[in-house]
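Colleague: The amino acid sequence is not available; the structure is as follows:
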Ligand SMILES: *Cc1c(COP(=O)(O)O)cnc(C)c1O
């Protein structure tokens, strides 16, 4: 009884071309026959999780037979204290990618239009397609900044259900000044939700992000994946109105958040010095990459994140260089769309990893240039 009968998925799923959203470093290693890879392509933290998080998670590991608290109560309480809001303003999910899916499912009905920037962090787009909504895009400005004017103008025309913006942005690394975020928020139609992805907020020092501010058509999301070094644990959260938190509550996977991730995240919050240490080390790493780019005569984008985009002049050259680096065991990525597709994006590694990257890049760039 093994007959291969074609069976179709729902039409909006059939309409999506088969693809692998992110080809992970493990797959690249299998394909390239690499026993080791210098992992500088996915903006993972080179500085690991807080030792206190590791200790807390290790101690609780035998209780992995238990489900985690579906309300993430203790963690939400700590997050509410961190952000000066109530526990009813916090929704915990399995990373921003999960919360993004909830937002699309909850706020963009099938057929509704959403708006993003072409070439920015792509997971939003996958959710939009997967839930049968539509995607409109504007382009980056030529200086690598998000184009607030274009986002506002296009929103006035298309009246999208959701506008997606990451600030600081990935893959550019650029930060919009907070008054520009406020201008964007205020310039959007009353029926448009702003999904503000602040995955890299913990690398921003000083008073450069919009203040704690909660509004019905604003979803702010944060993650433990980047500065807190817990990407593999999959945990993040949204700061939102109680009504929007309740909306998420209706549709989220109640046991979707890993119990150990809840414990590690809570312990991380109790170790703010560690996150500050990571942010400082990361800033040092960015400076190293700026110096490296300058020494090769290549421009770069000033970054407020844990990665830097270096300009190699043309998309084909950047692709060639990325592939050559991979062939030599260095995993980096590059932006997919113009005007940023002439850049290569490299994550901040440890000092030793940065040195190794610099050595490889110098040799390969000399060959390609
Ligand atoms: C890394 C990243 C994410 C993913 O966050 P998770 O919490 O690991 O799902 C989301 N948005 C941006 C802009 C990122 O760079």
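Modeller: Perfect, thanks for sending it. Here the structure is a predicted model, which means the values were calculated and not measured.

Colleague: Run a quick neighbour tally on residue 204.
Modeller: For residue 204, the neighbour count with other C-beta atoms under 10 Å is 17. No exception for glycine: its C-beta is placed from N, CA and C like everyone else's.

Colleague: How about the contacts made by it?
Modeller: 168, 175, 304 (C-beta atoms under 8 Å, 6 or more residues apart in numbering).

Colleague: With respect to the ligand, which of those is nearest?
Modeller: residue 168 (8.1 Å; C-beta to the nearest ligand atom).

Colleague: Quick check: that closest one touching residue 202?
Modeller: No: using C-beta atoms under 8 Å as the test, residue 168 is too far from residue 202 to be in contact (10.3 Å).

Colleague: before we move on, back to that, adding secondary structure, pLDDT and distance to residue 85, write the contacts of residue 204 out as CSV.
Modeller: Shown next, in CSV, are the contacts of residue 204 (DSSP: H, G, I helix; E, B strand; the rest coil; pLDDT from 0 to 100; distance: C-beta to C-beta, whole Å):
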residue, secondary structure, pLDDT, distance to residue 85
168, coil, 98, 22
175, coil, 98, 23
304, coil, 97, 24
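
Colleague: Which residues of the stretch 101-250 of the chain lie near the ligand?
Modeller: Contacts of the stretch 101-250 of the chain with the ligand, taken as C-beta under 6 Å from any ligand atom, map to 121, 166, 170, 197, 199, 223, 225, 231, 236.

Colleague: Verify the contact between the second one and residue 120 for me.
Modeller: Think residue 166. Yes: counting by C-beta under 8 Å, residue 166 sits close enough to residue 120 to count as a contact (6.1 Å).

Colleague: Tell me the confidence at the residue of the stretch 1-150 of the chain found nearest the ligand?
Modeller: When scored by C-beta to the nearest ligand atom, the stretch 1-150 of the chain has residue 95 as its residue closest to the ligand, at 2.6 Å. Confidence at residue 95, expressed as pLDDT, is 98.

Colleague: ok, it touching residue 236?
Modeller: Yes: Residue 95 lies in contact with residue 236 (C-beta under 8 Å); the separation is 4.5 Å.

Colleague: Looking at those two, which is more packed in?
Modeller: The neighbour comparison of residue 95 against residue 236 (other C-beta under 10 Å) goes to residue 236, with 29 against 24.

Colleague: Find the residue closest to the more buried one in space, skipping its chain neighbours.
Modeller: Leaving aside its sequence neighbours, residue 236 sits nearest to residue 223 (C-beta to C-beta, 6 or more residues apart in numbering; 3.7 Å).

Colleague: got the residue ranges for the strands in this protein?
Modeller: 38-39, 90-93, 113-117, 134-138, 162-166, 193-197, 218-223, 236-239, 307-311, 330-331, 343-347 (DSSP state E).

Colleague: Residue 30 and residue 56, how far apart?
Modeller: Per C-beta to C-beta, to the nearest Å, residue 30 is found 33 Å from residue 56.

Colleague: need the contact list for the residue nearest the centre of the chain.
Modeller: By C-alpha atoms, centre = their mean, the chain has its centre lying nearest to residue 199, at 5.3 Å. By C-beta under 8 Å, 6+ apart, the residues touching residue 199 are 96, 121, 166, 170, 221-223, 225-226, 236.

Colleague: Residue 41 too?
Modeller: If you count contacts by C-beta under 8 Å, 6+ apart, residue 41 has them with 25, 331-333, 345-347.

Colleague: tell me the pLDDT at the residue nearest to it when sequence neighbours are not counted?
Modeller: Sequence neighbours aside, residue 331 is the residue nearest to residue 41 in space, at 3.9 Å (criterion: C-beta to C-beta, 6+ apart). What the model reports as pLDDT for residue 331 is 97.

Colleague: in the sheet, who's paired with residue 331?
Modeller: Counting by DSSP bridges, residue 331 is bridged to residue 39.

Colleague: That one: neighbour count?
Modeller: 22.

Colleague: Could you do the one 10 residues further on as well?
Modeller: Residue neighbour count, defined by other C-beta under 10 Å, stands at 16 for residue 341.

Colleague: again with the one 3 residues further on
Modeller: The local packing count at residue 344 equals 26, with neighbours defined by other C-beta under 10 Å.

Colleague: Give me the pLDDT for the nearest residue to residue 49 once chain neighbours are set aside.
Modeller: Leaving aside its sequence neighbours, residue 49 sits nearest to residue 229 (C-beta to C-beta, 6+ apart; 4.2 Å). pLDDT, residue 229: 98.

Colleague: okay but residue 229 is in contact with residue 279, surely?
Modeller: No: the criterion here is C-beta under 8 Å, and residue 229 misses it with residue 279 at 11.5 Å.

Colleague: Looking at those two, which one has more neighbours?
Modeller: The neighbour count for residue 229 versus residue 279, taken as other C-beta under 10 Å, is higher for residue 229 (24 against 17).

Colleague: can you give me the helices for this protein?
Modeller: 11-14, 25-32, 51-60, 73-83, 96-107, 123-130, 148-158, 178-187, 242-251, 259-269, 272-295, 315-327, 351-368 (DSSP state H).

Colleague: is the ligand contacted by the fourth one?
Modeller: No: counting by C-beta under 6 Å from any ligand atom, no contacts exist between helix 73-83 and the ligand, the nearest distance being 13.9 Å.

Colleague: Point out the other helices and strands that that helix packs with.
Modeller: Under the contact criterion of 3 or more C-beta pairs under 8 Å, 6 or more residues apart in numbering; DSSP states H and E, helix 73-83 touches strand 90-93, strand 236-239, helix 259-269.

Colleague: Dump those to JSON lines, plus distance to residue 131.
Modeller: Output for these, formatted as JSON lines (distance: least, C-beta to C-beta, whole Å):
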{"stretch": "strand 90-93", "distance to residue 131": "16"}
{"stretch": "strand 236-239", "distance to residue 131": "17"}
{"stretch": "helix 259-269", "distance to residue 131": "25"}
